[in-house]
Every structure is written in structure tokens, then in C-alpha cells.
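# sequence and predicted structure below; questions after.
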Amino acid sequence: MDYQAGILASLPSPAHTDALLGRVEGAIADVRAQGGTIAYVRVGFTEQDWEAVPDSNKMFSTVAKYRVMSHEDPSAAIHERLTPQDGDIVVRKVRFGGMSTTDLDQQLRERGITALVLAGISTSGVVLSTVIDAADRDYQLYVLSDGVDDPDTEAHNVLLQQVFPSRAHVIDTNDLRTLLEVG
């Protein structure tokens, strides 16, 4: 979720970002090898989306005011190392969560998908919002601890260690590989 150049730029360094992308690439390959479905969530606004954001929305009114993250801007594209393939689900969102402004839930249910493995930038944004929403929708959830990141290290750690475990299994990419091989 949100593995886009404009969002990845908020991370500490190119080397850090490269390592994170490598782990997520590996997780995607592992899921594909077991016949799993990959879903991509990206943020991208149209003129109509920006116009619909009320001034009362603290975060997104700034996005709308400065016309940030246009759906056509290259910075809003999914990173080239994680390019979607035929058969993948791709949704565009205009708020934090991966489901609240998309048809992702409907597409997953139509495919009979009941378990989700989540990776994304940022832990305190799209990951948190999607974990809460997906838990409320009764999905079995796994959060990849080494597939999520956040510019705020403290928030990232609190979410992974204290918040997410009550709603999701917090695992790393090695644990995922083991689960996929066993399952």
C-alpha cells in the first residue's frame, strides 16, 4: 500500500528504501509462487477529488490546497520494482485507508479472499487505517513488520508492538515464507 515515489521519499535514505523495497518484492514473489492474489493500493487525486475535500479535514485539506499527489503524476505511480501484473487488484484511494474510498473489499470478497498480508508506507497512515477497517470487516490479518515503515519511528514501533497485535498477526517476511510453505 502506497509504495509510491512521492511517499517513499519521506523515508530516511535511499539505502533504507532500497532494502524495504527488496523485502516487499520478495514477499510478493513468495505470495505469487503460492497462487496468492496481490492487491495494490495507491493514493492519487483528481481535480474532483481535491474539490470534494472539506476545509475541516486537517490532513487532506492541505493535500487539496496544494494539489499534491495527482493521480497522473509519476510520483503517484506504484514503484517500478513492484509493478502490478495481469490479474492483480489495483485501486486508487483518496484517504488514508485502503478500503474506505475504494472497492477493494468488494474485489477481495468476489475472489473469496478472507486473509490479508499487509505491507505499506506509512505505518501510522495507510497501514493503521487499513488494519482497523479490515479487522472490523473480519479479515484474518497479517502485518509484515519489515514491509511497513513510517517517518515517525516511535509511532511505527508503538503500532507494531502495542496496537496491531490485538487486531493482526505481526510477522516478518521470513515468517510469511514459512507460513506459505506450510499452508
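Structure received.
# got a list of what V31 touches?
Listed by C-beta atoms under 8 Å, 6 or more residues apart in numbering, the contact set of V31 reads T37, I38, V117, L176, L180. Quick note: C-beta positions are derived from backbone N, CA and C, even for glycine.
# now it: phi and psi?
Backbone geometry at V31, expressed as degrees, to the nearest 10, gives phi -70, psi -40.
# where does it land on pLDDT?
Looking at V31, its pLDDT is 98.
# what's the answer for P12, then?
Looking at P12, its pLDDT reads 88.
# surely it forms part of a helix?
No. Using DSSP: H, G, I helix; E, B strand; the rest coil, the secondary structure at P12 is coil, not a helix.
# in space, what's closest to it - neighbours in sequence excluded?
Spatial nearest neighbour of P12, excluding adjacent residues (C-beta to C-beta, 6 or more residues apart in numbering): P151 at 7.8 Å.
# now the one you found: which helix or strand?
Using DSSP states H and E, P151 falls within no helix or strand.
# so who does it touch?
Applying C-beta under 8 Å, 6+ apart to P151 gives the contacts S10, L11, P12, S122.
# go through the protein and flag its longest strand.
strand 140-149 (DSSP state E).
# each with direction, which strands does it pair with?
strand 115-121 (parallel), strand 169-171 (parallel) (DSSP bridges).
# return the set of buried residues in the shortest one.
Counting neighbours by 16 or more other C-beta atoms under 10 Å, one finds that the buried residues in strand 169-171 are V170, I171.
# may I have the phi/psi pair for the closest residue to V163 other than its chain neighbours?
Excluding the flanking residues, the one nearest V163 by C-beta to C-beta, 6+ apart is L128, at 7.3 Å. In terms of degrees, to the nearest 10, the main-chain angles of L128 are phi -60, psi -50.
# and among the strands paired with strand 140-149, the most buried is which?
Across the strands paired with strand 140-149, the average number of neighbours (mean count of other C-beta atoms under 10 Å) peaks for strand 115-121, which reaches a mean of 22.
# same for the very next helix or strand once past it, what does it pack against?
Under the assignment DSSP H and E, the closest C-terminal helix or strand after strand 115-121 is helix 128-136. Applying 3 or more C-beta pairs under 8 Å, 6 or more residues apart in numbering; DSSP states H and E, one finds that helix 128-136 contacts strand 115-121, strand 140-149.
# residue ranges of the helices in this protein, please?
With helices called from DSSP state H, the chain shows them at 5-8, 14-33, 47-51, 58-65, 104-110, 128-136, 153-158, 173-182.
# for G87, find the nearest of these.
Of all those, it is helix 14-33 that lies closest to G87, at 9.7 Å by C-beta to C-beta.
# only the buried residues of that closest one, if you could.
For helix 14-33, by 16+ other C-beta under 10 Å, it's T17, L20, L21, R23, V24, E25, G26, A27, I28, D30, V31.
# what does the pLDDT read for the fifth one?
This points to V24. At V24, the pLDDT value in this model is 98.
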